[in-house]
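In: sequence-free structure coming up:
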Ligand SMILES: O=C(O)C1=C[C@@H](OP(=O)(O)O)[C@@H](O)[C@H](O)C1
Ligand SMILES: C=C(OP(=O)(O)O)C(=O)O
């Protein structure tokens, strides 16, 4: 039998949470610092399995990553043209961000690489990066007519800049193209259907690369090298904060202070939707961490209402939908999630997993092709649920359990992917 965790209900939540570093920004800090000529110190790096997959891959490409006892990293890059051919396959583990961004970066290098990942990652779509990168003259093939990893990358004669209209709003695809475009012989223009997270654009600017943005178009010129900052301080991850925002909202008499939360507007869809639902959220102490805005957030229990979540906002809260479904079960009235078909190609089919696993607790959730319909409030029972080896599912189920009659979660250790301390923090905040 696999592992299982028993989560008891709690009367309320109280306390302060230092939100762990942003996963997206942590990945990007290692990749860009790995191309720099001078060492970069990275503070508040997310020490979680996905970001360590990126470190492992970059080390195999010749980059040095040292860690002090406080978890601060020093990344010593090999210079803009300094990455070297790895002796072995690069393993991105469970991380979509690692494999897709590295595909863009490595396809532009003059050596051969093979990229793979775990069973979940090998089922996730890769044609979305291979198709536009091939238009740039890059040579990538993959399993099943280049739809899935493992991916084999051969050196290309040259990297040609392209103008590309992205069919899906995906920061991972956009970032893969931006990284390849740095090595091109002409400029690249990327058009997004809807704005997705812009951490790559901001971090490229931090490394001295001009990025022109007009509406949803991004133009980038090739460069000869990067100008690295001495240090990068990674903001807290709003996608991790989301579990506490919702838990404190739906559990009576709760109050949490979430410290150091990234509030980049391309990520704050969760705050907009929760406020629309009637949540009691105060954003305070707004400040900057490099080019990324951060704040502290105070959240108190509130009576929530159902809401319509339209396709336009999905890229700004894409990873928060599993836990938003839990909020909807505690809200008065109907919640509809539309245009979220991307959830079907994450670590698991999240729309299916939400309906199935919360369904075991007695929730009635209608799964549509591109979303969910949830009528609240609903009474949930104790149940034994499965994480589907998906970190966001495990944490969303835990929030449902503490707010209702408890839950047992099978295969809970997948929280290590983005929030290794999640269950320890939960134990500390509960007021039983
Ligand atoms: O670029 C990134 O860091 C991410 C982009 C999103 O994926 P898509 O680009 O596939 O939408 C998101 O779901 C993922 O957790 C992280
Ligand atoms: C989808 C996620 O990450 P990735 O695509 O990097 O695996 C996530 O963290 O929810």
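Out: That came through fine. In this text the structure is predicted, and so the values were computed from the model without any measurement. Residues are numbered from 1 along each chain as shown. Ligands and ions are numbered 1, 2, ... in the order given.
In: Helix, strand, or coil at the residue in the stretch 251-400 of the chain that ligand 2 sits nearest to?
Out: Across the stretch 251-400 of the chain, the shortest distance to ligand 2 (CB to the nearest ligand atom) belongs to residue 319, at 3.9 Å. (C-beta placed from N, C-alpha, C; glycine too.) Secondary structure state of residue 319, per DSSP: H, G, I helix; E, B strand; the rest coil, is helix.
In: Run through the residues that contact it.
Out: Counting by CB atoms under 8 Å, 6 or more residues apart in numbering, residue 319 makes contact with 239, 242, 346, 392.
In: again, only this time at 10 Å
Out: 23-24, 197, 237-240, 242, 267, 270, 343, 346-347, 350, 391-392, 418 (CB atoms under 10 Å, 6 or more residues apart in numbering).
In: same deal with residue 406?
Out: Contacts of residue 406 by CB under 10 Å, 6+ apart are 6, 7, 8, 9, 10, 361, 380, 381, 382, 383, 400.
In: Got a quick ChimeraX command for the buried subset of those?
Out: With 16 or more other CB atoms under 10 Å as the criterion, this ChimeraX line picks the buried residues out of those:
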select :7,9,10,361,380,382,383,400
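In: In helices, which of the contacts of residue 406 fall?
Out: In helices, defined here by DSSP state H, the members of the contacts of residue 406 are residue 400.
In: Can I get the contacts of residue 406 in JSON lines including pLDDT?
Out: Formatted as JSON lines, those follow (pLDDT from 0 to 100):
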{"residue": "6", "pLDDT": "98"}
{"residue": "7", "pLDDT": "98"}
{"residue": "8", "pLDDT": "98"}
{"residue": "9", "pLDDT": "98"}
{"residue": "10", "pLDDT": "98"}
{"residue": "361", "pLDDT": "98"}
{"residue": "380", "pLDDT": "98"}
{"residue": "381", "pLDDT": "98"}
{"residue": "382", "pLDDT": "98"}
{"residue": "383", "pLDDT": "98"}
{"residue": "400", "pLDDT": "99"}
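In: Counting only strands, which of the contacts of residue 406 make the cut?
Out: Of the contacts of residue 406, the ones assigned to strands by DSSP state E are 6, 7, 383.
In: I'd like to know how many residues surround the residue of the stretch 1-150 of the chain found nearest ligand 2.
Out: Nearest residue of the stretch 1-150 of the chain to ligand 2 (CB to the nearest ligand atom) works out as residue 96 at 2.7 Å. For residue 96, the neighbour count with other CB atoms under 10 Å is 20.
In: Also residue 81?
Out: Residue 81: 11 neighbours (other CB under 10 Å).
In: repeat for residue 185
Out: For residue 185, using other CB under 10 Å, the count is 11.
In: Just confirm it is within a helix.
Out: No: per three-state DSSP, residue 185 lies outside any helix segment and is coil.
In: Would you mind listing what in the chain touches ligand 2?
Out: 23, 50, 95, 96, 97, 319, 346, 347, 392, 418 (CB under 6 Å from any ligand atom).
In: can you narrow those residues to ones near ligand 1?
Out: Among the residues of the chain next to ligand 2, the residues within reach of ligand 1 (CB under 6 Å from any ligand atom) are 96, 97, 319.
In: shouldn't the first one be in contact with residue 175?
Out: No: the pair residue 96 / residue 175 is not scored as a contact, 11.2 Å apart, by CB atoms under 10 Å.
In: Among the contacts of residue 406, find me the one that's closest to ligand 1.
Out: Scanning the contacts of residue 406 for proximity to ligand 1, where the rule is CB to the nearest ligand atom, the winner is residue 400, at 20.9 Å.
In: Now do the SS call for residue 161.
Out: Going by three-state DSSP: residue 161 is coil.
In: can you tell me the helix or strand for residue 329?
Out: helix 321-330 (DSSP states H and E).
In: so residue 33 touches residue 229, yeah?
Out: Yes: Residue 33 is within contact range of residue 229, at 8.9 Å (criterion: CB under 10 Å).
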